[in-house]
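Participant: Predicted model and sequence below, questions to follow.
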Amino acid sequence: MKIHTRIVWLAYASIVLSAVWGLPGLLSGLYVLRLAKHIDLSAAAPNVRRDVRGGRMLAYVGIALSSIVIFLIIWSWITT
C-alpha cells in the first residue's frame with residue numbers, strides 16, 4: 001500500500017478508534033502525523049498532496065476526539 005493511502009486509512013481509523021477507545025485512536029492519529037511529516041509535497045502529484053492534507057486533517061480530528069474520550073474517562077475515575 002502506498003504511503004499516502006496508508007495515511008488516509010490510518011486517519012480514518014483514528015476517528016473510529018477514538019469513538020470506542022481513546023488511546024488507540026490517539027496513537028493512530030499521532031502515527032499519521034509522524035508519517036505525513038516525512039513526505040515531500042513540493043514535487044508530489046496532486047492526488048498525493050490531497051491525500052496527505054486530508055489525512056492530516058482527519059488525524060487532527062481523531063486526536064481531538066481521542067483526547068476528549070480520555071479526558072472523560074479520567075474525569076469519571078476521579079469523580080467516582
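Facilitator: Right, received. Where do you want to start?
Participant: count of neighbours near the closest residue to Leu26 other than its chain neighbours?
Facilitator: In this structure, Leu26 finds its nearest non-sequential neighbour in Ser66, 3.8 Å apart by Cβ to Cβ, 6 or more residues apart in numbering. Every C-beta, even on glycine, is put in place using the N, C-alpha and C of the backbone. Ser66 has 25 neighbours, counted by other Cβ atoms under 10 Å.
Participant: roughly how far apart are Ser66 and Leu41?
Facilitator: 25 Å (Cβ to Cβ, to the nearest Å).
Participant: in the protein, which helix or strand is least confident?
Facilitator: None of the helices or strands of the chain scores lower by mean pLDDT, DSSP states H and E than helix 3-20, at a mean of 85.
Participant: what helices or strands is the one helix or strand Val48 maps to leaning on?
Facilitator: Using DSSP states H and E, the secondary-structure element containing Val48 is helix 46-79. Packing partners of helix 46-79 (3 or more Cβ pairs under 8 Å, 6 or more residues apart in numbering; DSSP states H and E): helix 3-20, helix 22-37.
Participant: on contacts alone, who are the packing partners of the longest one?
Facilitator: In this structure, helix 3-20 makes packing contacts with helix 22-37, helix 46-79, judged by 3+ Cβ pairs under 8 Å, 6+ apart.
Participant: of those helices, which approaches Ile15 most closely?
Facilitator: Nearest to Ile15, of all those, is helix 46-79, at 4.3 Å by Cβ to Cβ.
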